[in-house]
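**Student:** Provided below for reference: sequence and predicted model.
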Amino acid sequence: FFFYFCILITVMSSTLKNYLAQLKVKDFPATTANNGNVVVVKTSDNLKSTMNLLNEHNIYSAPVFDDDKNQYVGMIDMIDIADFIVDNFEHSKFLGPGFEAIFDQAQHFLEATVADVANLSKRNLFVPVSEESNLLSVVNLLTENRVHRVCVFGSDDKTLVNIITQSAVIDFVNRHNFSAVEKKTVEELKLGTTPVLSVDINSPTIDAFRLLRQAGVYAVPIINKSIGKQIVANISCKDARAAAKDPSKIHLLYAPLSQFLAEKNKKQIDIETPSITCSSNDTIRTVIDRIVANRIHRVYVLDKTNAPQAIITLTDVLKALLKIQ
């Protein structure tokens, strides 16, 4: 850590691009999961054990290795699990909403392997990079469409030594001195995209996962239409593990989102709505601090009525930082 701190001190006056260009990928901090070793799953692993492994290390994705091909063949991500849930539900819905359909879905979960699920979403690219590359080239990759993480290989081009995610990069560059640009506001930088899709808290939970798939997004805010358009919660592909890790919870897909969230939040701390929102007058520093402090991947920009008017993703933040530096 002292090494990185010294670098930060010496490049305080440099631009972010120059700072990143000076660093090799191998100098980037190792993943904090699994004592710094990359967690890997195999194509033959079953879905349940894979979910348990991801939960054990508190991660949401992992590289997939194929023993027969003796190579890495892709990634498995929670977005794939979310899409599998939708596919599984659509397959079983013709059996009706009763126990038979729920049992059928549970069976599919128990029988599924990583090969059945990995990159089912077609949104989870496997992007290898050399540890000798510079960090700027990696950040440029992470600002491209659908690239949320890169897999770092050693000098032999075979050993997977690290995974660098968008959130890890933002956490890393957050220590960099932004000087004057940190005072630029969301409005000045035109941060965020529109429109913001949402789902009602009284809708069936499966409808939220359907929306994620149909729109090709990772998360949507939850609103309560009976009281207005204000955000009351958030649902993302990560929430799929609440159902996937325990087939006995499959019935929650038929329940309203309010019930699904109540069950999910019994075992984890709920991030309050103000932590995932901002105003157009907030600075980019405020947005980044909120993302890092709450370990979130997106922030919703609220209008004067507190309704979501735009969504700021990690990709948006990285693009803005590279552009304004």
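**Tutor:** Sure thing, it's come through.
**Student:** Per-residue pLDDT of residue 125, please?
**Tutor:** Looking at residue 125, its pLDDT stands at 81.
**Student:** quick check, it in a helix?
**Tutor:** No - per DSSP: H, G, I helix; E, B strand; the rest coil, residue 125 lies outside any helix segment and is coil.
**Student:** now it: how far from residue 39?
**Tutor:** 18 Å (CB to CB, to the nearest Å). In this view, the C-beta of every residue, glycine as well, is placed from N, C-alpha and C.
**Student:** and the spatially closest residue to residue 112 that is not a sequence neighbour, what does it touch?
**Tutor:** Once flanking residues are discounted, residue 112 sits nearest to residue 47: 4.1 Å by CB to CB, 6 or more residues apart in numbering. By CB atoms under 8 Å, 6 or more residues apart in numbering, residue 47 lies in contact with 81, 84, 109-110, 112-114, 116-117, 244.
**Student:** Highest neighbour count among these?
**Tutor:** residue 81 (30 neighbours; other CB atoms under 10 Å).
**Student:** Out of the contacts of residue 47, flag the one nearest to residue 195.
**Tutor:** residue 81 (26.2 Å; CB to CB).
**Student:** do you know how far the closest one is from residue 213?
**Tutor:** Going from residue 81 to residue 213 by CB to CB gives 11 Å.
**Student:** sorry, back to before: tell me the phi and psi of the residue nearest to residue 112?
**Tutor:** phi -60, psi -40 (degrees, to the nearest 10).
**Student:** And for the one 5 residues further on?
**Tutor:** Dihedral pair for residue 52: phi -60, psi -40, per degrees, to the nearest 10.
**Student:** neighbours around it, how many?
**Tutor:** Counted with other CB under 10 Å, residue 52 comes out at 13.
**Student:** can you check residue 223 too?
**Tutor:** 20.
**Student:** mind listing what it touches?
**Tutor:** By CB under 8 Å, 6+ apart, the neighbours of residue 223 are 198-201, 229-232, 307.
**Student:** Residue 85 is in what secondary structure piece?
**Tutor:** In this assignment (DSSP states H and E), residue 85 forms part of helix 78-92.
**Student:** Just the residues contacting that helix, thanks.
**Tutor:** 47, 51, 54, 60-61, 101-102, 104-105, 108-109, 112, 116-121, 123-124, 206, 209-210, 212-213, 218, 236-238, 240-241, 243-244, 253.
**Student:** Those residues, buried ones only, as a PyMOL selection?
**Tutor:** To isolate the buried ones among the contacts of helix 78-92 in PyMOL, judged by 16 or more other CB atoms under 10 Å, type:
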select buried, resi 47+51+54+60+61+101+102+104+105+108+109+112+117+118+119+120+121+123+124+206+209+210+212+213+218+236+237+238+240+241+243+244+253
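**Student:** taking the contacts of helix 78-92 one by one, which sit in strands?
**Tutor:** Counting by DSSP state E, those place 61, 236 in strands.
**Student:** For stretch 123-134, which residues meet the burial criterion?
**Tutor:** 123-125, 127, 129, 131.
**Student:** make that stretch 39-55, sorry
**Tutor:** 39, 41, 43, 45-48, 50-51, 53-54.
**Student:** just stretch 61-76 next, same as before
**Tutor:** Residues 61-66, 72-76 are the ones in stretch 61-76 that count as buried (16+ other CB under 10 Å).
**Student:** now stretch 280-299
**Tutor:** Those would be 280, 282-284, 286-288, 290-291, 296-299, for stretch 280-299 by 16+ other CB under 10 Å.
**Student:** from these, which ones fall inside helices?
**Tutor:** 284, 286-288, 290-291 (DSSP state H).
**Student:** which one of these is nearest residue 20?
**Tutor:** Nearest member of these to residue 20, counting by CB to CB, is residue 288, at 15.5 Å.
**Student:** returning to what we had before: would JSON lines of the buried residues of stretch 280-299 with pLDDT be doable?
**Tutor:** Rendered in JSON lines, the data for these read as follows (pLDDT from 0 to 100):
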{"residue": "280", "pLDDT": "96"}
{"residue": "282", "pLDDT": "96"}
{"residue": "283", "pLDDT": "94"}
{"residue": "284", "pLDDT": "92"}
{"residue": "286", "pLDDT": "92"}
{"residue": "287", "pLDDT": "94"}
{"residue": "288", "pLDDT": "93"}
{"residue": "290", "pLDDT": "93"}
{"residue": "291", "pLDDT": "94"}
{"residue": "296", "pLDDT": "91"}
{"residue": "297", "pLDDT": "93"}
{"residue": "298", "pLDDT": "95"}
{"residue": "299", "pLDDT": "96"}
